[in-house]
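*Asks:* Provide a 3D model corresponding to the input given below.
(2 chains)
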2 protein chains.
Amino acid sequence: MSKTQPARGMRDFLPADVRRREYVIGVIREVYERYGFEPLETPAVENIETLLGKYGEEGNQLIFKILKRGEHERTGEADLALRYDLTVPLARVVAEQGERLPKFFKRYQIQPVWRADRPARGRFREFYQCDVDAIGSRSMIIEAELCAAASDALTQLGFSNFIVNINHRHFLTSLLDSVAISSEQHANALTALDKLDKIGTEGVKKEFASRGLPESACIDILDFFSRVAQYAVDVFDLGINKTHHPTAEDIRSWNNFTLKEMEKFVGENAQGKQAIKELDEILKLVAVSEAAGKVALAPSLARGLSYYTGAIMEINVPDLAGSLGGGGRYDNLVGMFSGRDIPACGFSLGLERIIVVMTEREMFPADLVKASADVLVTIWDESSAGDALALARELRAGGLRVDVYPDGGDKVGKQFKYASTRGVPFVAVAGPDERARGEVSLKDMRSGEQQTLQSGAAATTLREKLGLRK
Amino acid sequence: MSKTQPARGMRDFLPADVRRREYVIGVIREVYERYGFEPLETPAVENIETLLGKYGEEGNQLIFKILKRGEHERTGEADLALRYDLTVPLARVVAEQGERLPKFFKRYQIQPVWRADRPARGRFREFYQCDVDAIGSRSMIIEAELCAAASDALTQLGFSNFIVNINHRHFLTSLLDSVAISSEQHANALTALDKLDKIGTEGVKKEFASRGLPESACIDILDFFSRVAQYAVDVFDLGINKTHHPTAEDIRSWNNFTLKEMEKFVGENAQGKQAIKELDEILKLVAVSEAAGKVALAPSLARGLSYYTGAIMEINVPDLAGSLGGGGRYDNLVGMFSGRDIPACGFSLGLERIIVVMTEREMFPADLVKASADVLVTIWDESSAGDALALARELRAGGLRVDVYPDGGDKVGKQFKYASTRGVPFVAVAGPDERARGEVSLKDMRSGEQQTLQSGAAATTLREKLGLRK
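*Replies:* Now for the predicted structure:
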């Protein structure tokens, strides 16, 4: 007898789970379509060289690798791998399709990815990403539209207290330049700073030390971060232990203050000034979008992936340690495949975390998890199975979801009980008397009410009782 | 620079492809729901021992195997594998969930599977299956409902000239018994007979010889098959080179004749008699279902997979060599996981082949592949990007799909041309004059007609012009 659990870190989705997932995916897809994004799908499996070297050393370790087939299997070599994110496959498709794609290619992609990570609460080895990306423009309109689309999707799902944190890779670069960290050490320093939320200032100091980075630089940077953070604590009581959710006005005031502090810190550094100019432009644009009052400067936000080259974003809610999604500009990734630089910017919502929060907060519509059917057709006896199927056909043609009780040997009482256990709201009986008169009996399982009508009228009556539109 | 093609035998789906696929999946899902089936999803990745040994020796070879991670990677061992079909994962889930599932568990599952097969026309290494299965009943109502559901789905998609061929594993067993093939040789003989359509009678004779099966047995069986087939040729001009599509009346007449021949052939063999009784019962039940006139006895149908134990079905259309789908009863598979015998029967439609035929026959609705947006909002100049985003927000709130031209530096003429190339039916312009008056200009790209209206009225006007319901 084989094991019956799904593979480690993976999940089976029973009907109620699937309906919840499809609801969330449906809302996100509908919003993305309203922003002019079109659907793309890529294979779960990629050539291994497409993925290796795109996600940093840690990423490489987490890629699921597929053995060569046939006689090569014994070599233990892998030539294929499971999709690790949706961004690298997009870059590959853009390079492959070239001129066949529109000048501005705006696509969404909602598919699973696989990472051999250690499973934890809300962290799985198979999980869905909901990505939107716009290829072909360097305009900050793109960043603003992406923030708006992601905010709009979350708002449609019922979220209100989320923040889109935003920073810029070039601001971070100039920040590190200002404290005299050499560019070879930038990636190292960013990795350490990226952990600030998790390990605190003392932890970051230790990370700096262990990576051979100057302590003075660390102190300068952390001073800056804490000076900015203090403003939120002083002015609207929002600190590390967020005691209330900031209003749109709080965020505006925070952004004004923070932008000035960032300007002061980078001084005349050209890259830093350009980064701040772009952030300022994005903030002005989002102010008239669905993301209005939601986008907050976050000068310590670093985001792990190495391919970002401009603005970076991350969405947070107070009751979840990780983020609900994130993204940014990555102007060089497509060039790794096509040889020509093509600007790109994207945003990814994490389906699993959205579902975790929505489940805990009971945000799903009450009528989402339907019974398996609108009506159960019973079998009077084994010889009348054909009558039951004919009735089921008629009801289905009327647009109803119809289950037929399969075992004609079971008593009708048992069949009624089954309908009740399964939450099916109506039961239809066509016994010998009813059949002789071309009639059917309907029982409303909620009220207990029973009525007999011409079988031709049953579908319409049921639709009315169920409040279904034809 | 990395390769940009998808992995061998796999495909990228561009927006128009995705919309076609989603259309077909949507129709199939909606039909399956009307038959009382509920959605299930399982992981793409299974523990390798879940899959090995379930698909026969040939199947084992085609399973994509995933390398162990971390320090075990060097061993070249595989501990996981990609899903090979949707039936074995279902059996695993049924065993795992046990009593938490309803007594009759009716699920549909529409997900990709992976097979390391040699790619060919219509044969891919990643492809979708659309499965319906009913667990927990031995009643022939199940077989009839599955035939009806699959037929209904194909009919909704616009297919009319398909046939659901049906046979019974126990009829084949009794057939082989009658010609004195030992039960150890049954699998061998069935594999040979399964190829009849592809390699013809001479080919099957050679297969029998090479497998050490008696020639006389082969001749008896092939005689029976050709005697039955001859009836179709004689009575309604339907032979191996099907010259016309049989009518419901043709099929009824064929079934009556064939059933009698099958009875004669098996004589008093108890297993054979029971199989024929079940087939007869299924035929009577489908006669009142959506599959009426579509289900035809096919005494030579064997189907490859070893797990079938009762009726087996396969759907064919004249213009496709392979089948559009198939299925059957497999009462022992769940027991391989749970240790208790649980009856099961299922049907799988092959999405890729359905799409191949629908594309070749141009069966897709004309309005399926929409433009990426209903309206393109232009950018008058770089300083007015905010006005464009505000207008886009208003139009989106009105339910429209809105694209914003991102590059404010481009001339408006170029932006109009972009809309035209992309097939976007309307362009909205809010230039300085319009903005001063709170107006917007709309251009209908199909008629060339232009009108200026209050920006608040634009969404309603566009919806009317596009014929969209609010």
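
*Asks:* can you show me the strands along the stretch 201-350 of chain A?
*Replies:* Ranges of strands in the stretch 201-350 of chain A, per DSSP state E, counting those that start in this stretch, are A:295-297, A:311-316, A:325-329, A:344-350.

*Asks:* within the sheet, what are the partner strands of the shortest one, with directions?
*Replies:* Just to be clear, that refers to strand A:295-297. With DSSP bridges as the criterion, the sheet partners recorded for strand A:295-297 are strand A:163-168 (parallel).

*Asks:* angle of the partner strand against strand A:325-329?
*Replies:* 30 degrees (axes from the mean of the first three to the mean of the last three C-alpha atoms, to 10 degrees).

*Asks:* can you tell me what sits against strand A:163-168?
*Replies:* Applying C-beta atoms under 8 Å, 6 or more residues apart in numbering or on different chains, the external contacts of strand A:163-168 come out as A:147, A:150-151, A:246, A:251, A:275-276, A:278-279, A:282-283, A:286, A:291, A:294-302, A:310-317. For every residue, glycine as well, the C-beta is placed using N, CA and C.

*Asks:* got the buried residues for that strand?
*Replies:* Buried positions in strand A:163-168, judged by neighbour count with 16 or more other C-beta atoms under 10 Å in any protein chain shown: A:163-168.

*Asks:* check stretch A:392-412 too.
*Replies:* Neighbour counts over stretch A:392-412 (16+ other C-beta under 10 Å) mark A:392-396, A:398, A:400-408, A:410 as buried.

*Asks:* check stretch A:190-201 too.
*Replies:* A:190-194, A:196.

*Asks:* take those residues and lay them out in CSV including secondary structure, pLDDT and distance to A:Ala457.
*Replies:* Formatted as CSV, the buried residues of stretch A:190-201 follow (DSSP: H, G, I helix; E, B strand; the rest coil; pLDDT from 0 to 100; distance: C-beta to C-beta, whole Å):
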residue, secondary structure, pLDDT, distance to A:Ala457
A:Leu190, helix, 88, 70
A:Thr191, helix, 85, 70
A:Ala192, helix, 88, 73
A:Leu193, helix, 88, 70
A:Asp194, coil, 83, 66
A:Leu196, helix, 85, 68
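
*Asks:* and which of these is nearest A:Ile342?
*Replies:* Nearest to A:Ile342 among the buried residues of stretch A:190-201: A:Leu190, at 24.4 Å, using C-beta to C-beta.

*Asks:* returning to what we had before: got JSON lines for the strands of the stretch 201-350 of chain A, with mean pLDDT and mean neighbour count too?
*Replies:* Putting the strands of the stretch 201-350 of chain A into JSON lines (pLDDT from 0 to 100; neighbours: other C-beta atoms under 10 Å in any protein chain shown) gives the following:
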{"stretch": "strand A:295-297", "mean pLDDT": "96", "mean neighbour count": "25"}
{"stretch": "strand A:311-316", "mean pLDDT": "96", "mean neighbour count": "25"}
{"stretch": "strand A:325-329", "mean pLDDT": "96", "mean neighbour count": "25"}
{"stretch": "strand A:344-350", "mean pLDDT": "97", "mean neighbour count": "26"}
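
*Asks:* dump those into JSON lines; add distance to B:Glu184 as well.
*Replies:* JSON lines is the format used below for these (distance: least, C-beta to C-beta, whole Å):
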{"stretch": "strand A:295-297", "distance to B:Glu184": "72"}
{"stretch": "strand A:311-316", "distance to B:Glu184": "63"}
{"stretch": "strand A:325-329", "distance to B:Glu184": "59"}
{"stretch": "strand A:344-350", "distance to B:Glu184": "54"}
